[in-house]
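Engineer: I would like the atomic coordinates for the input below:
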Amino acid sequence: MKAEFVVAVHALIYLDHQKTIVTSDELANSICTNPAFVRKVMAKLKCAGLITTKEGNDGGYISDSDIDIDSIDLNDILQAVDATMIIKKKARIDVKECLLAKKMELVMDDLCYDLDKLCQDRLSDITIADIKEKICQKERVH
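Structural biologist: Prediction:
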C-alpha cells in the first residue's frame, strides 16, 4: 500500500472533521509527514474533484461542498492518487539471459494485476463513513 493512499484517506477525514480551510502544514502535522508530500497528494485529490482549494495567505484545502465525503469509496481515492495496492518488485537479474526469469516475471506481473484488481473491488465496498466508524469504535475500546 502506497503512502499517498493512506495520506489521502487521512486528509479527507481530517478535512471533513474540521469543516474549515486547512493548510498543508496543519494536515502534515496531523498525518505526521511533511507539508510538501501533503501538497503532492492534495493536488491529486483536487484534480479528481474530491477537494477544493483556496488561494492566498489564508488559503488551504477544504472538502468540496458538492461532494458527500462520507460516500467516497476507498477505490475512488486509490484511483485519484494513481496508486496500486500491490507493489511489484522487479527481478534483479537480466531476464534476457534466463528463460525461467523472463517467464516468472510475466507470471508474477499477472498475479500482481489480479491481486490489485481484487483489492480495488474490496476498496469499492468501503467508504469514508466506514473508516470514520471504525476509528470511533477503536477510540471507544481504548
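
Engineer: Count the residues that sit near residue 137.
Structural biologist: Counted with other Cβ atoms under 10 Å, the neighbours of residue 137 add up to 9. (Glycine included, C-beta is placed from N, CA and C.)

Engineer: where's it relative to residue 64, distance?
Structural biologist: For residue 137, the distance to residue 64 equals 27 Å [Cβ to Cβ, to the nearest Å].

Engineer: what sits up against stretch 55-65?
Structural biologist: Stretch 55-65 is contacted from outside by 11-12, 15-16, 19-24, 26-27, 42, 46, 49-54, 69, using Cβ atoms under 8 Å, 6 or more residues apart in numbering.

Engineer: Give me the buried positions along stretch 117-134.
Structural biologist: Across stretch 117-134, burial judged by 16 or more other Cβ atoms under 10 Å covers 119, 120, 123, 127, 128, 129, 131, 132.

Engineer: could you give the mean pLDDT of it?
Structural biologist: Mean pLDDT, computed over stretch 117-134, is 96.

Engineer: Just put the buried residues of stretch 117-134 in TSV and tack on distance to residue 85 and secondary structure.
Structural biologist: Shown next, in TSV, are the buried residues of stretch 117-134 (distance: Cβ to Cβ, whole Å; DSSP: H, G, I helix; E, B strand; the rest coil):
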residue	distance to residue 85	secondary structure
119	4	helix
120	7	helix
123	8	helix
127	17	strand
128	17	helix
129	21	helix
131	15	helix
132	21	helix
